[in-house]
Every structure is written in C-alpha cells, then in structure tokens.
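*Asks:* Take this sequence and fold it.
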Amino acid sequence: MDSDRKTPANRARALQRFPRHDRRGEARLPAVLATQVAMLLYLLLPEQLLFLPRFVLPGLELLLLIPLNAVNSRRMTRQNHFSRIVSLTLVALIGITDFGLSG
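*Replies:* Next up, the predicted model:
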C-alpha cells in the first residue's frame with residue numbers, strides 16, 4: 001500500500017497541488033543572516049571579553065562565508081567536499097568563539 005503513494009503519477013499530482021515542494025535544497029538566507037548576526041555581536045563585545053583583536057574572528061568568518069555563498073548563492077542544492085569543510089569550519093569557529101566567551 002505504501003508503494004502506491006510513491007508512483008510517478010502521484011508525485012506529479014502532488015507537485016501540481018503543492019508547487020513549493022518542487023524546490024530542493026536548503027534556503028541560504030537564514031544561515032547567512034545568523035552568521036552575520038554572530039559577527040556583529042562579536043564586534044559589539046567589550047574589550048575585556050575579547051581573546052583576539054576585534055576584527056580577526058569576524059574577518060575569518062567573512063572569508064569563510066564568501067566562498068559558501070559563491071558555491072550556492074540562493075539554495076543549498078549541491079554539496080561537495082570543499083563546501084562541507086568550509087561550512088563545518090565556519091560553524092566550529094563560531095562555536096569556539098561562543099564557548100570561549102561563556103567559559
């Protein structure tokens with residue numbers, strides 16, 4: 001019975017009823033905005049909470065964000081080894097910064 005739901009005809013009917021389901025991939029804008037907010041918040045920290053010069057970490061984050069946007073500017077539709085490594089490095093950098101501030 002479940003195999004009946006996955007037929008090409010049923011998929012085509014579903015795409016006609018719900019065209020937004022045709023879009024594949026993850027939207028890039030929320031991740032980019034969250035990264036920019038993290039960079040801005042780091043720039044607004046008082047001097048005694050910084051463990052590197054003020055513009056070093058946001059600069060590194062920006063350098064990692066630019067190629068990620070170049071690979072998939074609107075939607076994350078494909079992922080290769082380079083984009084995976086860069087995105088994990090960016091998340092780790094933001095996470096380490098946050099952990100260093102809270103610890």
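
*Asks:* Look up the closest residue to residue 38, ignoring the ones flanking it.
*Replies:* residue 94 (5.1 Å; C-beta to C-beta, 6 or more residues apart in numbering). No exception for glycine: its C-beta is placed from N, CA and C like everyone else's.

*Asks:* so where's the protein shaky on pLDDT?
*Replies:* The chain contains residues with pLDDT under 70 at 1-6, 11-12, 14-24, 76-78, 100-103.

*Asks:* just so I have it, where are all the strands in it?
*Replies:* Using DSSP state E, the strands of the chain run over 26-27, 75-76.

*Asks:* The residue nearest to residue 38 contacts residue 60, correct?
*Replies:* No - if you go by C-beta atoms under 8 Å, residue 94 and residue 60 don't touch, sitting 10.1 Å apart.

*Asks:* List the residues that contact residue 28.
*Replies:* Going by C-beta atoms under 8 Å, 6 or more residues apart in numbering, residue 28 touches 69, 72-76.

*Asks:* Run through who's touching stretch 50-69.
*Replies:* For stretch 50-69, contacts defined as C-beta under 8 Å, 6+ apart pick out 28, 32, 35-36, 38-40, 42-43, 47, 82-83, 86-87, 89-90, 93-94, 97, 100.

*Asks:* now with 10 Å?
*Replies:* Residues from elsewhere that reach stretch 50-69, judged by C-beta atoms under 10 Å, 6 or more residues apart in numbering: 28, 31-32, 35-36, 38-45, 47, 76, 82-83, 85-94, 96-97, 100-101.

*Asks:* Residue 25 - how many residues pack around it?
*Replies:* 12 (other C-beta atoms under 10 Å).

*Asks:* Would you agree it is in contact with residue 31?
*Replies:* No - the criterion here is C-beta atoms under 10 Å, and residue 25 misses it with residue 31 at 11.9 Å.

*Asks:* Point to the residue nearest the middle of the protein.
*Replies:* With distances taken as C-alpha atoms, centre = their mean, the residue of the chain nearest its centroid is residue 31 (3.8 Å).
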